[in-house]
Every structure is written in C-alpha cells, then in structure tokens.
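[1] just need the structure, nothing else, for what follows:
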Amino acid sequence: MLMANTWLIIKNILYRILKKKSNILMHIVLPVGVVMGIFILFSFSTQSVYTVGIYDLSMSQSSEYIKNEIQSTGKFSLIEVSEDEIDTYIVEGDASFVLKIPEDFEKTILTGETPQIILVSLQESEGASWMDAILNIQVENLVDIAYGSSYDANTYYSVLENLKASTVSMAAKTVDDSSFDVEMSGQMLGMYLMFVLLSASMTAFLILDEKKRGTFSRIATAPVRPISYTMANILSNLIILTTQLILVLVLIKFVIKVNFHTSFWNMLIILFFYGLCSVGFGVMVASAAANINKANAIFYLYLSPSCMISGCFWPAEFMPDILQKIAYVTPQRWAISAIETAQRGESILLPILILAAFSALLFIGAAYFIKYKEKA
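    Predicted structure coming up:
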C-alpha cells in the first residue's frame, strides 16, 4: 500500500512537471544548455591564436630568429606595427600585446649580455605569460650561440643561417597534458554543482505550489502517510535530476570530448549523490517554509555563500582558513573533494558516504517538518 501510494504521487508530480513545455525547458533543457555552453566556451578559449604586434627597431638576424621562433609555435599571429600604433592596437584590442625589440638587441648579445624585449600589455593574460616564457628561452639561446661563437659576428651569423637552413629532421609527438582538462573539468563541474542545487530545489518547491492550491491539505486528510508523500517528492525529483545529469555528462564527454580523468560512472555516482543532497535540501526547505517567498529567502541565503566557500567558483584554498573549515559542513565541498579524489585515481568511498549521510539528515528533516505540519 505504501509503495502504491508513493507511485501514484510520483506519477502525479511527473505529470505536472512534464505536461508543460516551459517546465521541461526550465528543469531539463535550460540547465543542460547552460552547462554545455560554459564547457564549449572554455574549450574554445584554449585554442585561441593571439595576435601580437611587433615593433622591431633592431631589424637584425637575431630579431628575425626570435620572430620565426614565435611564429613556429602556432599560437601567435605576428603583425608589424610602428611606434605610434602601439597604444592604438592595444587599447582597441587589435593586438593582445606588443613586443618592442630594442635597436641594440643584437649588439647586446654579441657583447655577452642578455638584452630585454619589452612586452606591452593592458593586463596579465595566459598568452602574455606564454610569450614571456618563450622570449626568455629564445633570448638565452641566442646568448649561448654568441658565447659558443666566441662573440665573433661572422661565426654567430653563420650559426644562425645554419639553424635557419637546418636539414635536421625532427619527429613531433603530442604528449597528453592532463593539467588543463583536470583544471577545466574541475572548475566547470564545480559551477555545475550550483545548477544542480538550483534545479533540484526548484523542482522540490512544487510542494509549496500544492500548499497554495490546497492539494497538500487534501493529501493530509487522505490515507497517505507523510513518509509516502516525502518519498514520492524525493524520487520524482531524482528521476528528473538523474536524466539531467546523464544528458550533461554524455554531451560533455562524448560530444565536447572533455577528459574527466576518471571514469564516466565515477563522475555520475558523485553527481548523483550530490544531487540526492540537493533534492533533500529542497524538499526540507519547501516542507518547512510557510510560503514560496520564505522558501526562496532561505534557499538563496544558503546558495551563494555555500557555493563560494566550498570551492564551486574558485579553489577553496583561496579562502581564509576559518572559511575552509566551515566549507566542510556543505555538500558542495564534499562533492568537489570526491571529484578531485577521483581524478587522482583514489577511492571516492569516504566523500560518497559523507554525501549519503548529508542526504539522510536532510530527508529526515523533511519528513519531520511534513509530519509536524500535519499534526498542527
């Protein structure tokens, strides 16, 4: 009888949600679309080619060597600019940054000193950091060549020409650099935790709609136990949330091809148990609140601060020590910990058990409030 009543309530809740296209859009399509959009934007950002302005006062073989080496990376597109154009290119965004090669660039190298190439940029960026590293390496290469040539200009030029016309064959092999995938997937999944909580709670708030329409009161007078009603809300929300999770993970892994550096099933298990906590929180708030306004106030008072201190928006290590400790009372922190643990190839049993404990406490709280309201 208990399961029969629960199943009837589940069907009613799912019917109410899915009968409207706007609800399907809100609870499934929109969350999936937003997360996919974020992942796509981050994926494209890693493939950017930076436009670099070159103001070459040296016009020497050494400066040509530097420009050729920069161009050969495939990450930078070089354009020659004049001194008067530098500010314009930077301010208007026509160039990510500009390199100023001094007039005495080659002369400084041939005297045994290390010249400086000036990098002009409005702000620090990943591309500028790459460029700075490339310049340091290549300038040191030229200094070493000059040293090996005993600072004889003719010998130095001869080495540069030989390097330019070198027939030495090179085999290129792409090495899997997991650092970006780990960082990006971790950051994006961290942000997705906020959407999971938001989506699960929005669905759970249907309880408040039933209170407003009087459906909740009719349920209370019917032969339906509070536990049946609570279980029905939890299970119906989990059905919708699990559908959303599977769609997101399948699209991210097999369409965008982001490497989670753990198995698909590990990631699904982690997000499922976190989703269980989110559903429990939403049902408990909806059961305790008298109306939708109070429920929203409680929910949003918890949402942003908990996501910020738990590491959803930025690494938790950036927060003060006291906030890092407080973060461990939030499910988000344990979900992120589970993701990081899985990516290291370690067991996720402990964080999963803690998420399960969070879920149990939230479900007990929801059942209590429903039973308390029934008696009142």
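[2] mind listing what's buried along the longest strand that the chain contains?
    Looking across the chain with DSSP state E, the single longest strand is strand 50-56. By 16 or more other CB atoms under 10 Å, the buried positions in strand 50-56 come out as Tyr50, Thr51, Val52, Gly53, Ile54, Tyr55, Asp56. For every residue, glycine as well, the C-beta is placed using N, CA and C.
[3] in a helix, that's where Met308 is, yeah?
    Yes - under DSSP: H, G, I helix; E, B strand; the rest coil, Met308 sits within a helix.
[4] show me what contacts the closest residue to Pro331 other than its chain neighbours?
    Nearest residue to Pro331, sequence neighbours excluded (CB to CB, 6 or more residues apart in numbering): Cys277, at 3.9 Å. By CB atoms under 8 Å, 6 or more residues apart in numbering, the contact list for Cys277 reads Pro331, Ala335, Leu355, Phe358, Ser359, Leu362.
[5] same thing with Tyr50?
    Lys75, Phe76, Ser77, Ser96, Phe97, Gly127, Met131.
[6] tell me the pLDDT at it?
    At Tyr50, the model reports a pLDDT of 80.
[7] and the one 5 residues further on, by the same measure?
    Note for Tyr55: predicted pLDDT of 91.
[8] three-state assignment of the residue nearest to it when sequence neighbours are not counted?
    Leaving aside its chain neighbours, Tyr55 sits nearest to Lys100 (4.7 Å; criterion: CB to CB, 6+ apart). Following three-state DSSP, the label given to Lys100 is strand.
[9] Lys100 against Val52, yeah?
    No - contact criterion CB atoms under 8 Å: Lys100 and Val52 do not qualify, at 11.4 Å.
[10] returning to that earlier point: element containing the residue nearest to Pro331, please.
    Cys277 belongs to helix 264-288 when assigned by DSSP states H and E.
[11] which of the residues in that helix are buried?
    For helix 264-288, a neighbour-count test (16+ other CB under 10 Å) marks 266-288 as buried.
[12] just the mean pLDDT for that helix, thanks.
    Mean predicted lDDT for helix 264-288 stands at 86.
[13] also stretch 144-158?
    90.
[14] buried by neighbour count: which residues of that stretch qualify?
    So for stretch 144-158, counting by 16+ other CB under 10 Å, buried means Ile145, Ala146, Ser149, Tyr156, Tyr157.
[15] in the host helix or strand of Trp334, which residues are buried?
    Trp334 belongs to helix 331-343 when elements are defined using DSSP H and E. Within helix 331-343, the residues that count as buried by 16+ other CB under 10 Å are 331-343.
[16] tell me the angle the helix or strand that comes right after it makes with helix 264-288.
    Moving toward the C-terminus from helix 331-343, the next helix or strand (DSSP H and E) is helix 349-375. With axes from the mean of the first three to the mean of the last three CA atoms, to 10 degrees defining the directions, helix 349-375 sits at 20 degrees from helix 264-288.
[17] show me what helix 349-375 is packed up against.
    helix 226-250, helix 264-288, helix 331-343 (3 or more CB pairs under 8 Å, 6 or more residues apart in numbering; DSSP states H and E).
[18] save the ones you listed as TSV, and put in distance to Ser201 too.
    Below are these laid out as TSV (distance: least, CB to CB, whole Å):
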stretch	distance to Ser201
helix 226-250	9
helix 264-288	3
helix 331-343	12
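[19] with respect to Leu122, which of those helices lies nearest?
    Taking CB to CB, helix 331-343 is the member of those nearest to Leu122, at 32.9 Å.
[20] pull the residues that contact the closest one.
    The contact list for helix 331-343 (CB under 8 Å, 6+ apart) reads 182, 185-186, 189-190, 193-194, 197, 260-263, 266-267, 270-271, 273-274, 277-278, 281, 306-307, 309-312, 316, 327-328, 347-348, 351-352, 354-355, 358.
[21] just how off-centre is it within its chain?
    Between the centre of helix 331-343 and the centre of its chain there are 14 Å (CA atoms, centre = their mean, to the nearest Å).
[22] same thing with stretch 342-354?
    20 Å.
[23] list the buried ones in that stretch?
    For stretch 342-354, by 16+ other CB under 10 Å, it's Ala342, Gln343, Ile348, Pro351, Ile352, Ile354.
[24] what ranges do the strands span in the stretch 51-200 of the chain?
    Assigned strands in the stretch 51-200 of the chain, in chain order: 76-80, 97-101, 118-120 (criterion: DSSP state E, counting those that start in this stretch).
[25] mean pLDDT added to the ones you listed, as JSON lines?
    Output for these, formatted as JSON lines (pLDDT from 0 to 100):
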{"stretch": "strand 76-80", "mean pLDDT": "87"}
{"stretch": "strand 97-101", "mean pLDDT": "90"}
{"stretch": "strand 118-120", "mean pLDDT": "88"}
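[26] would you mind finding the most buried of those strands?
    When you average the neighbours per residue for each of the strands of the stretch 51-200 of the chain (mean count of other CB atoms under 10 Å), strand 97-101 leads with a mean of 22.
[27] which elements pack onto that one?
    Using 3+ CB pairs under 8 Å, 6+ apart, strand 97-101 sits against strand 50-56, helix 86-91, strand 118-120, helix 126-148.
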